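Engineer: Build me a structure from this.
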Amino acid sequence: MLKRLRFQKFLLCKILLVLLLYTLCRLIFLVLNPAFFQFGFLEIAHAFYVGLLFDFSAIIYTNSLFILLVVLPFKFRSYSWFQRIINTLFYIVNSLAVLLNLIDTAYFKFSGKRSGLELLKMRDELGGVWQNYVLDYWYIVIILLSVIYIFYKLNKWIARNIDFSAIIYSWKQYLSEFTALLVIASICFLGARGGVNLTPINTFDAARISRAELVPLIVNTPFQFLMSTQQVGLTAQNYFDNNTVKQYFNPQKAVNQLDTLKVKPNIVILILESVGKEYVGYFNQGKGYTPFIDSLMKQSLVFTHAYANGKRSIEGIPAIVASLPTWMDNDYMSSYYQSNQLKSLGAYLQDYGYQTSFYHGGKNGTMSFDNFTAITKGGKYFGLNEYPNKTDFDQHWGIFDEPYLQYFANQLSSKKQPFYASLFTLSSHHPYSIPEHLSAKFTEGTLPIHRTIKYADYALQQFFAKAKNEPWFNNTIFIITADHSAENEKPYYQTTQGKYEIPLFVYSANIQLVKAAVNDITIQQIDILPMVLNYVSYPKAFYSFGENLGRNHWAMQLTNGFYQYITWPYVYHFDGKAGLAFFDLKKDSFMRTNQLRNMQYLPIINKMDSAVKCIIQQYNNDLINNKTHVK
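Structural biologist: Residues are numbered from 1 along each chain as shown. Okay, the predicted model is just below:
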């Protein structure tokens with residue numbers, strides 16, 4: 001009977017070859033992202049083992065047409081022209097899978113997760129600078145070509161060593177093949193679903209089977225791509241009745257205490273591209289790349305436990321200026337909800353008599369920041385098109401930070417007070433360009449980004465040197481933070497909570513506006529909007545997922561398919577249905593011991609579980625029903 005199942009043998013060899021290919025890609029991913037080595041050999045080996053489940057699912061989905069063509073019992077399968085077609089199809093499909101896996105191997109340093117359809121959006125954003133990425137990651141290109149060449153040779157070897165011409169299409173042959181078809185169909189059905197579970201496997205299942213930190217190692221990029229194509233928007237949640245939810249969390253807010261201000265302060269938010277907490281010497285015993293920021297923080301209100309709500313700029317900007325986090329698989333600006341009624345900080349302050357604006361030296365249209373500013377009524381948008389001196393263009397993304405910040409200072413001096421302006425820098429984004437005349441001023445660090453972090457810090461210093469002589473300076477509150485962190489070296493900043501830590505501090509030359517202090521509450525980007533409205537004593541109700549200062553503070557991200565809820569020093573992971581993990585950072589800063597079953601922490605875990613459910617329910621239902629505004 002086995003002689004009659006040559007096509008099935010052919011299929012088995014092909015599937016095993018692709019499983020080997022995916023495992024090789026996972027090994028490359030591990031070697032080039034060595035942070036995973038901290039978990040030890042046994043946990044990594046288990047991740048590779050569990051990864052086979054996700055690999056097999058992705059392989060069945062992506063090779064479904066090939067499998068169908070091989071197992072249907074038609075005589076023309078033995079013809080040479082048909083063999084060429086199915087072998088070419090097999091080679092192209094799985095070469096693309098290798099390509100996705102290897103692109104993500106490099107991109108993971110920035111995203112911190114396996115990528116889905118957002119990789120295609122990144123392609124659009126790269127525009128003409130994709131060549132720089134190819135040059136910087138030349139070794140990925142070499143690895144890609146080598147793997148595809150090996151795959152090509154093995155693919156040809158399999159095809160050459162199975163003879164289909166000897167098959168005799170008798171009734172016994174058809175019966176054997178039909179029986180095999182039923183068996184293969186059953187295996188493919190179960191393999192694609194990931195087993196006999198009630199629902200097919202998803203990314204967050206990797207966290208349940210293994211541990212959350214290893215999800216990117218377990219899951220492959222083609223699988224994540226497939227998951228992201230199935231996004232249908234948020235799901236309405238009903239964990240609790242609405243009154244209970246409002247007791248835990250209510251986005252309809254008002255200022256804690258209204259003060260009578262003789263003069264409304266100006267507000268400036270400076271958002272620094274990719275400046276993670278690891279780069280700031282103030283937080284790391286003086287070891288960092290930001291001497292000016294360090295000195296400014298000593299005169300500021302500094303939050304020691306500040307978190308980004310996402311790992312990409314397209315997630316960070318809405319969180320900062322509109323208190324809208326991305327707790328869904330899609331970024332807000334590409335989601336079903338982008339046309340919801342939503343007011344950003346600029347809209348609230350416009351209603352309160354402020355002149356408002358948003359500045360970014362990048363190309364107009366970058367990540368739809370200009371559209372987001374418009375739809376949330378955030379004020380006038382200033383991008384590359386509005387910048388007067390195009391010789392300051394960095395040949396990649398936009399205007400170098402130093403000249404753009406000088407331009408920003410001049411712009412502020414021309415505005416009528418009170419004003420509110422946000423600025424988002426760009427020079428510390430890959431490919432990390434520095435103006436040629438300053439090239440010798442900044443030495444290399446241990447990562448390519450470190451040099452441009454020094455430059456961004458210098459650009460900020462020059463901005464303040466100019467701004468402090470302007471008449472508006474002493475009546476201005478500066479909030480300085482980052483859009484997200486970037487590549488990290490230290491194990492602490494490579495954990496699922498550490499990679500979201502960012503600097504956040506508030507400075508004013510007028511101590512009547514802001515007093516220097518250190519605050520150890522948990523705070524996040526979405527808290528900036530209510531913080532500012534409190535500083536200016538905004539008299540009306542507003543909508544914010546962030547909290548007013550002085551209330552219960554927390555931070556939350558959606559990462560690798562699960563929610564991470566932080567009330568420092570506690571971290572709780574939740575998959576939408578049940579808890580996955582709980583950590584005490586004071587005792588376990590590297591998050592290696594899951595305390596979810598430790599009865600000592602049960603009251604804290606239960607409280608965090610209820611809180612995160614209320615937040616998710618409010619977030620999902622408000623976005624679905626267009627209630628992201630004050631009634």
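Engineer: how far away is residue 278 from residue 494?
Structural biologist: Residue 278 sits 9 Å away from residue 494, going by C-beta to C-beta, to the nearest Å. C-beta here means a position set from N, CA and C on the backbone, and glycine is covered the same way.
Engineer: burial of residue 34, as a residue count?
Structural biologist: 10 (other C-beta atoms under 10 Å).
Engineer: Now do the same contact list for residue 629.
Structural biologist: By C-beta atoms under 8 Å, 6 or more residues apart in numbering, the contact set of residue 629 is 340, 341, 342, 343, 543.
Engineer: Per-residue pLDDT of it, please?
Structural biologist: At residue 629, the model reports a pLDDT of 90.
Engineer: ok, it to residue 537 distance?
Structural biologist: Computed as C-beta to C-beta, the residue 629 to residue 537 distance reads 21 Å.
Engineer: Find the residue ranges of the stretch 1-150 of the chain scoring beneath the pLDDT cut-off.
Structural biologist: Confidence mapping of the stretch 1-150 of the chain against pLDDT under 70 gives the ranges 1-5, 118-119, 121-132.
Engineer: nope, the stretch 201-350 of the chain is what I was after
Structural biologist: Across the stretch 201-350 of the chain, residues meeting the criterion (pLDDT under 70) sit at 204, 230-232, 260.
Engineer: need the helices for it, in chain order.
Structural biologist: Along the stretch 201-350 of the chain, counting by DSSP state H, counting those that start in this stretch, helices occupy 203-209, 215-218, 221-229, 242-248, 291-297, 313-322, 345-351.
Engineer: Let's have those in TSV, adding distance to residue 566 and mean neighbour count.
Structural biologist: Compiled in TSV, these are given as follows (distance: least, C-beta to C-beta, whole Å; neighbours: other C-beta atoms under 10 Å):
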stretch	distance to residue 566	mean neighbour count
helix 203-209	16	23
helix 215-218	18	26
helix 221-229	24	23
helix 242-248	16	14
helix 291-297	22	19
helix 313-322	15	26
helix 345-351	23	22
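Engineer: Nearest to residue 102, out of those helices?
Structural biologist: helix 221-229 (8.7 Å; C-beta to C-beta).
Engineer: Other residues contacting the closest one?
Structural biologist: Outside helix 221-229, the residues touching it (C-beta under 8 Å, 6+ apart) are 54-55, 57-58, 61-62, 97, 100-101, 103-104, 114-119, 202-203, 329.
Engineer: Spell out for me the PyMOL command that would select the buried members of the residues you listed.
Structural biologist: The following PyMOL line selects those of the contacts of helix 221-229 that are buried, judged by 16 or more other C-beta atoms under 10 Å:
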select buried, resi 54+55+57+58+62+97+100+101+103+104+114+115+116+117+118+119+202+203+329
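Engineer: relative orientation of the top helix by length along the chain and helix 221-229 in degrees?
Structural biologist: Counting residues, the longest helix found in the chain (DSSP state H) is helix 80-111. Between helix 80-111 and helix 221-229, the angle comes out at 80 degrees (axes from the mean of the first three to the mean of the last three C-alpha atoms, to 10 degrees).
Engineer: helices or strands next to helix 80-111 in the packing?
Structural biologist: The helices and strands touching helix 80-111, judged by 3 or more C-beta pairs under 8 Å, 6 or more residues apart in numbering; DSSP states H and E, are helix 6-32, helix 40-62, helix 64-71, helix 118-126, helix 138-160, helix 221-229.
Engineer: just to revisit the earlier point, out of the helices of the stretch 201-350 of the chain, nearest to residue 272?
Structural biologist: Per C-beta to C-beta, nearest to residue 272 of these: helix 291-297, 8.4 Å.
Engineer: Send me the closest one as CSV with only the CA atoms.
Structural biologist: The C-alpha trace of helix 291-297 is given here as CSV (Å, rounded to 0.1, in the frame of the first residue of the first chain):
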residue,chain,number,x,y,z
PRO,A,291,23.7,64.8,30.1
PHE,A,292,21.5,67.8,29.5
ILE,A,293,18.3,65.9,30.2
ASP,A,294,19.9,64.6,33.4
SER,A,295,20.7,68.1,34.6
LEU,A,296,17.2,69.4,33.7
MET,A,297,15.5,66.5,35.6
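Engineer: just so I have it, where are all the strands in the stretch 451-600 of the chain?
Structural biologist: Ranges of strands within the stretch 451-600 of the chain are 476-482, 504-507, 517-524, 542-543, 555-559, 562-567, 570-574, 579-584, based on DSSP state E, counting those that start in this stretch.
Engineer: what pLDDT, on average, does the first one get?
Structural biologist: Computed over strand 476-482, the mean pLDDT rounds to 98.
Engineer: do the same with the last one
Structural biologist: Throughout strand 579-584, pLDDT has a mean value of 96.
Engineer: Redo the strands of the stretch 451-600 of the chain as JSON lines? Include mean neighbour count and distance to residue 488.
Structural biologist: Shown next, in JSON lines, are the strands of the stretch 451-600 of the chain (neighbours: other C-beta atoms under 10 Å; distance: least, C-beta to C-beta, whole Å):
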{"stretch": "strand 476-482", "mean neighbour count": "23", "distance to residue 488": "13"}
{"stretch": "strand 504-507", "mean neighbour count": "24", "distance to residue 488": "17"}
{"stretch": "strand 517-524", "mean neighbour count": "17", "distance to residue 488": "18"}
{"stretch": "strand 542-543", "mean neighbour count": "22", "distance to residue 488": "33"}
{"stretch": "strand 555-559", "mean neighbour count": "24", "distance to residue 488": "15"}
{"stretch": "strand 562-567", "mean neighbour count": "22", "distance to residue 488": "16"}
{"stretch": "strand 570-574", "mean neighbour count": "23", "distance to residue 488": "17"}
{"stretch": "strand 579-584", "mean neighbour count": "21", "distance to residue 488": "18"}
